[in-house]
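Q: How does the following fold in three dimensions:
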Amino acid sequence: MEDASLNKTYDIKLPASSWVALILQLPVISMIFFSALTGRGFYSSISPMIGTLFSLFYTGALIALGIRMVIQPRSMEIIGEKMIVGRKEITAVHIDKLVIQGYLSQIIGIKPKGKRLVPSLLCFKIKGNEEENIEEIIQWAKRNGIQIKYGRIFRWI
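A: Residues are numbered from 1 along each chain as shown. Okay, the predicted model is just below:
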């Protein structure tokens with residue numbers, strides 16, 4: 001009898017914490033622009049040019065974060081000994097550990113070997129029957145010798 005979790009596709013979505021980070025940065029960027037344009041505030045003592053450059057850099061980083069959020073994968077597929085998250089394919093031997101954060105609403109992070117943090121594109125929530133699907137992923141990880149860690153997911157933007 002073949003195990004159903006060896007060939008299965010899961011619908012995934014971006015964790016809510018990623019959207020919170022983006023929304024909380026909007027007032028900061030507007031204050032930086034106001035300060036740079038009017039010459040009042042923090043940048044008036046330095047230089048309006050430095051304030052403008054800083055605000056442009058900060059805006060670029062914010063746009064990059066927004067783009068990463070838009071290209072976030074929408075599905076994860078398990079096929080035998082590999083996971084395909086969006087367009088990224090990871091074999092079980094290249095996964096250091098699976099990190100699960102939360103109790104009622106769980107977030108999964110896949111930490112590749114050789115990386116210090118979980119890449120943002122490998123951090124997601126499962127849509128649908130969350131408990132059953134996460135249990136299937138955990139069983140797959142145990143069969144492939146992947147360490148399971150429950151705790152906070154530290155990830156890069």
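
Q: Give me the most central residue, the protein.
A: The residue lying closest to the centre of the chain (C-alpha atoms, centre = their mean) is residue 120, at 2.6 Å.

Q: ok, so what distance separates that one from residue 139?
A: Taking C-beta to C-beta, to the nearest Å as the measure, residue 120 falls 26 Å from residue 139. Placement of C-beta: from N, CA and C, glycine included.

Q: what's the spacing between residue 38 and residue 116?
A: Residue 38 is 41 Å from residue 116, by C-beta to C-beta.

Q: Could you find the closest non-adjacent residue to the residue nearest to the centre of the chain?
A: Among residues not flanking residue 120 along the chain, residue 155 sits closest, at 5.4 Å (C-beta to C-beta, 6 or more residues apart in numbering).

Q: what about residue 128, which SS state?
A: The three-state label given to residue 128 by DSSP: H, G, I helix; E, B strand; the rest coil is coil.

Q: Would you mind confirming that it is in contact with residue 9?
A: No: at 10.9 Å, residue 128 does not count as touching residue 9 under the criterion of C-beta atoms under 8 Å.

Q: Overlap in contacts, these two.
A: Common contact partners of residue 128 and residue 9 (C-beta atoms under 8 Å, 6 or more residues apart in numbering): none.

Q: For this protein, just list every one of the helices.
A: In the chain, the helices defined using DSSP state H lie at 16-38, 48-70, 130-143.

Q: Residue 123: what's its closest spatial neighbour, skipping adjacent residues?
A: Spatially, and ignoring its direct neighbours in sequence, residue 123 is nearest to residue 109 (4.5 Å; C-beta to C-beta, 6+ apart).

Q: Which residue ranges make up the domains of this structure?
A: According to automatic domain parsing, the chain comprises the domains 4-15+73-150, 16-70.

Q: possible to save the ones you listed as CSV with mean pLDDT?
A: Formatted as CSV, the domains of the chain follow (pLDDT from 0 to 100):
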stretch, mean pLDDT
domain 4-15+73-150, 88
domain 16-70, 70
